[in-house]
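Engineer: For reference, the sequence and a predicted model appear below.
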Amino acid sequence: MGAFFLLPIGAMFEFSTRGNGINAPRTLEAWSAIGTTPDLVTAITVSLQLAAITSVAMLALLLPTMVWVRLRLPGLSRAVEFICLLPLTVPAIALVVGLRPIYVWININVTDSILALAFAYLILVLPYAYRSLDAGLSTIDLKTLSEAARSLGAGWGTVMLRVVVPNMTSAILNACLLSVALVLGEYTVANILRFENLQVAIAYVGLTSAGTSIAVAVASLLFAFVLLMILSFVGRRRQPSLAAAATDPQYLTAGQRT
Amino acid sequence: MTSAGSPAVTIAARPTRGGRRLPLSWLGVVPFLAYVALFLLLPTAIIAAGSFTTLDGNLTSSNLSSINQAFIGKAFVGSLVISAISAGVGALVGAILAYAVVTGNPNGILRRSVTSAAGVLAQFGGVTLAFAFIATLGTNGFVTVFLKARGIDIFPNGGVWLYDLSGLTLIYLYFQIPLMVLVFLPALDGIRPQWREATESMGGDTWHYWRYVAGPLLAPAFLGCTLLLFANAFSAYATAAALISQGGVIVPLEIQQLLIGETGRTQPGFAKALALAMILIVAIVMVLYSLFQRRTSRWLR
C-alpha cells in the first residue's frame, strides 16, 4: 500500500535528476534550470502573489460577515453556510464556463492582469475557509467578548482586529494555509481563462523539457506538504479541537454539515 | 376616505419604526452577498440561461439535445465509468485501510502517520499528479524502464494505457483512496466496543456482529462516502488535462475543447449545456450524499 503512494513521488525525484544520455551520471541540471526559465520564475511569483491576495481578501470578506451574522443576524447563518458550501457542488470546470463571459468583461473594462484570477479563487476557497473559520468562531464566546469590548468603548474595527482576530489565530492561519495550498495548485480556471499561473506554466514547460517541469512539480508538491504539515502542527499545539478539525474530512473535502 | 386612511397609516408606521434596526444590520452582509452574487450566482445563471438560448438570445433546446451526439455520449459514459470504478475501488480499499488503522491504538504512530499522509495525498492532484505518473509509468518512466530491463514490458503491443481511461482510473485512485480513509474514519470511530460485547453476550459470533450490527450501521456511511468519491472524480479536470493532450475522453475535456478549441465558437451554448449537465449530476450525487450522512449520524456520532 505504501509503495503505491510513495513510488510516484520517488519516481519524480529519479526522473528530475536523470542525465542527458543513457549512462550519464545523476545531475541536478533540471533543478538549476528552474531559476533560468523566465516563464517559470514569473509564474511562481504570480502564483505566490495570487495566494497572498486571495488569503487577505478571503479574510476581509468572510470574517467580518461571519462575525456579523453570528452577532446580529443569526437567522441568516444557515443561508451563509449554504452559500459558502455551494462551490463544492459546482465543479470548477463547470463554473469557469460561466465565469468566462464575466472575465471577458473584466479584461476589457477593469484590468487584464493575471491577478484578476483572485476574484475566482476567492469563490473556490470559500468552503474550506468557511469551515475553518466556523470551527474557530465556535470555540470563542463571541457575544460576550464583543459586548465587553463595545461597552468599554471599542468600535467595530477594534473589536475585529484586537478582540476577535487574536482569539482565533490558529483558525485564521488554517484558513490561510488551505487557501494558499489551493491557489498554488489551481490549474482549471487559469488554463481555461488563458492565464499562466504556476500549474499552467508547469504543464507548458513539460512539453519542452520534462525534467525541469517535473522538478518544479516536486518542489511545489513539497511546498504543499510543508504547508499542510504546518497546518496540522498549528492545530495540534494551540487548540485540541482544531487538531481534530485539521484532519477532519468535513472541511478537507466536500461534506455537507448536518 | 380620510377616516379609513389614518388608521392604515398608523398601522403601517409601527413596523417601520420597530424594524429600523433590521435594514441597517442587513448592510453588514451586503458586501459578501454582492460578491457571491457576482462571482458564483451570476456564472451559474449564465450557464443555466446560456444552455437554453442561441447566439442571438432566442430560446432553444438545441444545446441540450446536442448532448445526444455520439462523441458526447461517449464522454459522459467515460466520465461516469471512470468515476464509478475509481469511487468503488477507492471506497473498498480505503475502507479496509481505515479499518486497519482504527483497530490500532487511537493515539499510535500508525494512525497519526496514516491520517496526516492521507490528508496530504487527498489534496495531491492536478498537473503534479499527472507528471508523477508520467515519471513512474510513462514510456520512459521509472517503473517502465526498471521492468523493461528485466524483460517485462508493461505496454505490450505498444499500447500505452497510461494515457487512456484505464490509466486515468489508476491515477484517480491515488487521491480517492486517501480521501476515503479520511471520510470513513469518523464513521468507524463511532462503532462502540460495547456493541460487539452485547452481540457476544447474546450468543452472536463475528459473522452475526458484522451481518446484523456493524454492517447495517456502517452501510449508509460507506455508500455516502462512495458517492462523495464519485462526485470528486466526476468534477476532476486538471489531471486528465495534463495527461491527455487530445481527444475528449471525459466530459471536462470535452468542455475544455469547446472553450479553447476552434469548435466552440459556433455554438457557445453547447459548453454551457455540458456544464449544466455536470452541475446537475454532481448536485444530485451531493444531495444523496447528505441524505446518507443524515442517516449515518443517527447512530454514529
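Structural biologist: Structure's in. What do you need? Numbers count the residues shown, from 1 in each chain, chains lettered A, B, ... in the order given.
Engineer: In stretch A:132-151, which residues are buried?
Structural biologist: Within stretch A:132-151, the residues that count as buried by 16 or more other CB atoms under 10 Å in any protein chain shown are A:Ser132, A:Leu133, A:Asp134, A:Ala135, A:Gly136, A:Leu137, A:Leu142, A:Ser146, A:Ala149. The C-beta positions use only the backbone N, C-alpha and C, and glycine is treated the same way.
Engineer: host element of the first one?
Structural biologist: Put plainly, it is A:Ser132. Secondary structure assignment for A:Ser132, by DSSP states H and E: helix A:117-137.
Engineer: so, in contact with chain B or not, that helix?
Structural biologist: Yes. Using CB under 8 Å from any CB of the partner chain, helix A:117-137 reaches chain B at A:Phe119, A:Ala120, A:Leu122, A:Ile123, A:Leu126.
Engineer: I'd like to know which elements that helix is packed against.
Structural biologist: Under the contact criterion of 3 or more CB pairs under 8 Å, 6 or more residues apart in numbering or on different chains; DSSP states H and E, helix A:117-137 touches helix A:38-71, helix A:77-85, helix A:92-109, helix A:169-184, helix A:188-192, helix A:240-246, helix A:249-252, helix B:30-36.
Engineer: between the residues of helix A:117-137 next to chain B, which is nearest B:Pro31?
Structural biologist: Taking CB to CB as the measure, A:Leu122 is the one of the residues of helix A:117-137 next to chain B closest to B:Pro31, at 11.9 Å.
Engineer: The closest one contacts B:Leu38, doesn't it?
Structural biologist: No. When contacts are counted by CB atoms under 8 Å, A:Leu122 is not listed as touching B:Leu38 (10.6 Å).
Engineer: Would you agree B:Leu253 is in contact with B:Ala240?
Structural biologist: Yes. Here B:Leu253 reaches B:Ala240: they are 5.7 Å apart, a contact under CB under 8 Å.
Engineer: separation between A:Ser179 and A:Leu50?
Structural biologist: According to CB to CB, to the nearest Å, A:Ser179 stands 10 Å off from A:Leu50.
Engineer: sorry, back to before: adding neighbour count, distance to B:Ile85 and pLDDT, write the residues of helix A:117-137 next to chain B out as JSON lines.
Structural biologist: Formatted as JSON lines, these follow (neighbours: other CB atoms under 10 Å in any protein chain shown; distance: CB to CB, whole Å; pLDDT from 0 to 100):
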{"residue": "A:Phe119", "neighbour count": "20", "distance to B:Ile85": "36", "pLDDT": "92"}
{"residue": "A:Ala120", "neighbour count": "24", "distance to B:Ile85": "31", "pLDDT": "93"}
{"residue": "A:Leu122", "neighbour count": "24", "distance to B:Ile85": "34", "pLDDT": "94"}
{"residue": "A:Ile123", "neighbour count": "24", "distance to B:Ile85": "30", "pLDDT": "94"}
{"residue": "A:Leu126", "neighbour count": "25", "distance to B:Ile85": "30", "pLDDT": "92"}
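Engineer: mind giving me the domain split of chain B?
Structural biologist: Domain ranges of chain B: B:2-37, B:66-297, per automatic domain parsing.
Engineer: By proximity to chain A, which residue of chain B wins?
Structural biologist: Proximity of chain B to chain A (CB to the nearest CB) peaks at B:Pro43, 2.8 Å away.
Engineer: Compute the number of surrounding residues for that residue.
Structural biologist: Residues near B:Pro43, counting by other CB atoms under 10 Å in any protein chain shown, number 24.
Engineer: Which of the helices or strands spans it?
Structural biologist: Using DSSP H and E, B:Pro43 sits within helix B:42-51.
Engineer: Can you name every helix or strand that that helix contacts?
Structural biologist: Counting by 3+ CB pairs under 8 Å, 6+ apart, helix B:42-51 packs on helix A:92-109, helix B:62-65, helix B:268-297.
Engineer: I'd like to know which of those has the weakest mean confidence.
Structural biologist: Lowest mean pLDDT of the helices and strands packed on helix B:42-51: helix B:62-65, a mean of 76.
Engineer: which element follows that one toward the C-terminus?
Structural biologist: Following helix B:62-65 in sequence, per DSSP H and E, is helix B:70-103.
Engineer: remind me which residues of the chain are low pLDDT?
Structural biologist: No chain specified, so I'll use chain A. Confidence mapping of chain A against pLDDT under 70 gives the ranges A:1-2, A:19-25, A:231-258.
Engineer: that's the other chain; I wanted chain B
Structural biologist: Residue ranges of chain B with pLDDT under 70: B:1-23, B:55, B:106-107, B:123-124, B:156-160, B:246-247, B:261-266, B:300-301.
Engineer: can you rerun that using 50?
Structural biologist: Applying pLDDT under 50 to chain B flags the ranges B:1-20.
Engineer: picking that back up, roughly how far apart are the residue nearest to the residue of chain B closest to chain A when sequence neighbours are not counted and B:Ile250?
Structural biologist: Among residues not flanking B:Pro43 along the chain, A:Gly98 sits closest, at 2.8 Å (CB to CB, 6 or more residues apart in numbering or on different chains). Distance, A:Gly98 to B:Ile250, by CB to CB: 20 Å.
Engineer: same check, this time on A:Ala30
Structural biologist: Shown here: A:Ala30 relative to B:Ile250, a distance of 31 Å by CB to CB.
Engineer: If you count surrounding residues, which of those two has more?
Structural biologist: Higher neighbour count among A:Ala30 and B:Ile250: B:Ile250, with 28 against 21, using other CB under 10 Å.
Engineer: Now chain A against chain B: closest residue?
Structural biologist: In chain A, the residue that lies nearest chain B is A:Gly98 (2.8 Å; CB to the nearest CB).
Engineer: So that residue is in contact with B:Ala275, correct?
Structural biologist: Yes. A:Gly98 lies in contact with B:Ala275 (CB under 8 Å); the separation is 7.0 Å.
Engineer: neighbours of the closest residue to B:Leu276 other than its chain neighbours, just the number please.
Structural biologist: Excluding its sequence neighbours, the residue lying closest to B:Leu276 (CB to CB, 6+ apart) is B:Ser51, at 4.6 Å. B:Ser51: 22 surrounding residues under other CB under 10 Å.
Engineer: quick revisit: what do A:Ser179 and A:Leu50 both touch?
Structural biologist: Common contact partners of A:Ser179 and A:Leu50 (CB atoms under 8 Å, 6 or more residues apart in numbering or on different chains): A:Tyr121.
Engineer: Measure how buried A:Ile114 is and give me the count.
Structural biologist: 20.
Engineer: my bad, should have said A:Ala60
Structural biologist: 12.
Engineer: what does A:Leu48 give?
Structural biologist: 15.
Engineer: List the contacts of the closest residue to it other than its chain neighbours.
Structural biologist: Nearest residue to A:Leu48, sequence neighbours excluded (CB to CB, 6+ apart): A:Leu184, at 7.7 Å. Going by CB under 8 Å, 6+ apart, A:Leu184 touches A:Ser47, A:Leu48, A:Ala51, A:Leu198, A:Gln199, A:Ser220, A:Phe223, A:Ala224.
Engineer: Among these, name the buried ones.
Structural biologist: For the contacts of A:Leu184, a burial check counting by 16+ other CB under 10 Å picks out A:Ser47, A:Ala51, A:Leu198, A:Gln199, A:Ser220, A:Phe223, A:Ala224.
Engineer: so which of the residues you listed also contact chain B?
Structural biologist: Among the buried ones among the contacts of A:Leu184, chain B is touched by A:Gln199, A:Ser220, A:Ala224 when using CB under 8 Å from any CB.
Engineer: What are the boundaries of the helices in the stretch 101-250 of chain B?
Structural biologist: Ranges of helices in the stretch 101-250 of chain B, per DSSP state H, counting those that start in this stretch, are B:109-123, B:126-137, B:142-149, B:165-189, B:193-201, B:206-208, B:215-235, B:238-243.
Engineer: quick one, which of those is packed in tightest?
Structural biologist: Using mean count of other CB atoms under 10 Å in any protein chain shown, the stretch among the helices of the stretch 101-250 of chain B with the largest mean neighbour count is helix B:126-137, at a mean of 26.
Engineer: That one vs chain A: in contact?
Structural biologist: Yes. Using CB under 8 Å from any CB, helix B:126-137 reaches chain A at B:Gly126, B:Val127, B:Thr128, B:Leu129, B:Phe131, B:Ala132, B:Phe133, B:Ile134, B:Ala135, B:Thr136.
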